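> What shape does this take:
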Amino acid sequence: MKLTYTTRNNRIKVEIESKAAKDAFKELAEFQEVFDEANCGLCSKDDLQFTVRTVEGNDFYELRCKSCGGKLVFGQHKSGGTLFPKRKQDDGSYKNRGWFKWKPEE
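Residues are numbered from 1 along each chain as shown. All right, here's what the predicted structure looks like:
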């Protein structure tokens, strides 16, 4: 079975090939969770950029808004190495779909 999927903002198109519907479902779900963010959770603009920062040998995956400087951080599953968006804020809330803007302490 072969699936073709285009993200909501029409910027990315992917083909997924699987033997079973459950496998295709899982692969599509993983793709959508990482790549199907249509706009910034702070300013609602769609000027997004995928970035990877390497600090002391560790890679940090983020989706950044080039319009307002907001970012959505991705975590890595311990097994399998897949990514997931960190939507939960430090205070336990889920505001702005996990998007935030770093503000240095004054």
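> Please report how far the most centrally placed residue in the chain lies from D91.
Residue closest to the average C-alpha location in the chain (CA atoms, centre = their mean): V34, at 3.4 Å. As judged by CB to CB, to the nearest Å, V34 and D91 stand 24 Å apart. Placement of C-beta: from N, CA and C, glycine included.
> And the pLDDT at the residue lying closest to S67 once chain neighbours are set aside?
Excluding the flanking residues, the one nearest S67 by CB to CB, 6 or more residues apart in numbering is K45, at 4.1 Å. Here the pLDDT value assigned to K45 is 96.
> My read is that K45 contacts N39, right?
Yes. At 6.2 Å, K45 counts as touching N39 under the criterion of CB atoms under 8 Å.
> Mind listing residues that contact stretch 20-38?
1, 3, 5, 7-9, 12, 14, 16, 18, 46, 48, 63, 72, 74, 82-85 (CB atoms under 8 Å, 6 or more residues apart in numbering).
> and that stretch, what's its mean pLDDT?
Mean predicted lDDT for stretch 20-38 stands at 95.
> buried sites along that stretch?
For stretch 20-38, the neighbour count (16 or more other CB atoms under 10 Å) marks A24, E27, L28, E30, F31, F35, E37 as buried.
> In helices, which of the residues you listed fall?
Among the buried residues of stretch 20-38, DSSP state H puts A24, E27, L28, E30, F31, F35 in helices.
> Restricted to strands, list the contacts of stretch 20-38.
L3, Y5, V14, I16, L48, L63, L72, F74, L83, F84, P85 (DSSP state E).
> Now list the buried members of the residues you listed.
Y5, I16, L48, L63, L72, F74, P85.
> right, and the pair among those residues with maximum separation?
The span of these, defined through CB to CB, is set by I16 and L72 at 23.0 Å.
> Quickly list the domain ranges of the protein.
1-36, 39-106 (automatic domain parsing).
> re earlier: give me the more crowded residue out of K45 and N39.
N39 (17 against 13; other CB atoms under 10 Å).
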